[in-house]
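J.: Need a 3D model of the sequence below.
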Amino acid sequence: MLFGKIEYLNLLPFHIFMKRFAPSSQIKMSMEYKKGVPAKINNDFKNRRVDAAFISSITAKKHKKVALGIIAKKEVKSVLVIPQANAKKDKESATSNVLANVLNIQGEVLIGDKALRYALKNDNYIDLALEWNNHYNLPFVFAVLAYHKDKKIYKKIERNFGNTKVKIPQYLLEKAAKRTEVSKQEALEYLKLISYKLDRKAQRGLAKFYREVKIKNLS
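T.: Sure, this is the predicted structure:
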């Protein structure tokens, strides 16, 4: 099983879960990762170079998926727009660039760990998840776990991950903090902003996003 792996801090709990709590030892032994930023993983999934991955919401609409995602109920601090005269997309992103357009926010889009570092040091930014919530009072779903085959495996992962409170070992937290250039406490505080269960309200948020994209494209 080849899994597309985005090495942003927001998926650290899931990666720990997959290493320790995957449904069977057979899955653990067969698990291989293909790493990349969201835009690359989207492309790898589309071209079947990976069997499953968290892919950007804007890409996931027509693909098979389970009820897991990368979700911000309000602010997220890792998907930002820095106001400036000219719009500038983040080449690592797909959904966030579209979200900025849907919300009519101009500036430089910044996502992932580099965005989190920026947010921790500056205040001249717009948090796109918070802006979405202010508009629609709904969570924003940045990505969903999609797959091409082996539905039963991913449904098991959905159930098990959804019912597991993942504890992050100190050595892995230190490693992640060093890689992302934030403190351990900042990393933990950031992870409190992320949800993974695609519950009814998150599904409503995702459906609303798709409707707003369609409206924007027709206008």
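J.: Find the residue at the geometric middle of this protein.
T.: By C-alpha atoms, centre = their mean, the chain has its centre lying nearest to Ile70, at 3.8 Å.
J.: any residues touching the helix or strand containing it, and which ones?
T.: Assigned by DSSP states H and E, Ile70 falls within strand 65-72. With contact meaning C-beta atoms under 8 Å, 6 or more residues apart in numbering, strand 65-72 is reached by 10-11, 14, 54, 57, 79, 129-130, 133, 139-147, 154-155, 157-158, 161-162, 193-199, 202-203, 205-206. All C-beta spots, glycine's among them, are computed from the backbone N, C-alpha and C.
J.: Now, of the residues you listed, which are buried?
T.: 10-11, 14, 54, 57, 79, 129-130, 133, 139-147, 154, 157-158, 161, 193-196, 198, 202-203, 205-206 (16 or more other C-beta atoms under 10 Å).
J.: hmm, back to that, relative to the strand holding Ile70, what are the paired strands and their orientations?
T.: strand 140-147 (antiparallel), strand 194-197 (antiparallel) (DSSP bridges).
J.: could you redo those as JSON lines and give each row mean pLDDT and distance to Asn217?
T.: What follows is these, written out as JSON lines (pLDDT from 0 to 100; distance: least, C-beta to C-beta, whole Å):
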{"stretch": "strand 140-147", "mean pLDDT": "97", "distance to Asn217": "19"}
{"stretch": "strand 194-197", "mean pLDDT": "96", "distance to Asn217": "28"}
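J.: Which one of those lies nearest to Glu212?
T.: Among the strands paired with strand 65-72, the nearest to Glu212 by C-beta to C-beta is strand 140-147 (11.0 Å).
J.: just the strands in this structure please.
T.: All strands of the chain, identified by DSSP state E, fall at 2-5, 32-35, 52-56, 65-72, 79-82, 108-111, 126-127, 140-147, 194-197.
J.: Would you mind pulling the contact partners of the shortest one?
T.: In this structure, residues lying in contact with strand 126-127 by C-beta under 8 Å, 6+ apart are 75-77, 79-83, 105, 107, 119.
J.: Restrict these to the buried ones and give me that as a ChimeraX selection.
T.: Buried members of the contacts of strand 126-127, defined by 16+ other C-beta under 10 Å, are picked up in ChimeraX with:
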select :76,77,79,80,81,105,107,119
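J.: low pLDDT regions in this structure?
T.: 21-32, 85, 218-219 (pLDDT under 70).
J.: and the longest helix for it?
T.: helix 200-218 (DSSP state H).
J.: Report the contact partners of the closest residue to Ala60 other than its chain neighbours.
T.: Of all residues not flanking Ala60 in the chain, Val144 sits nearest, at 4.7 Å (C-beta to C-beta, 6 or more residues apart in numbering). Taking C-beta under 8 Å, 6+ apart, we find Val144 in contact with 54-55, 57, 60, 65-66, 68-70, 198, 206.
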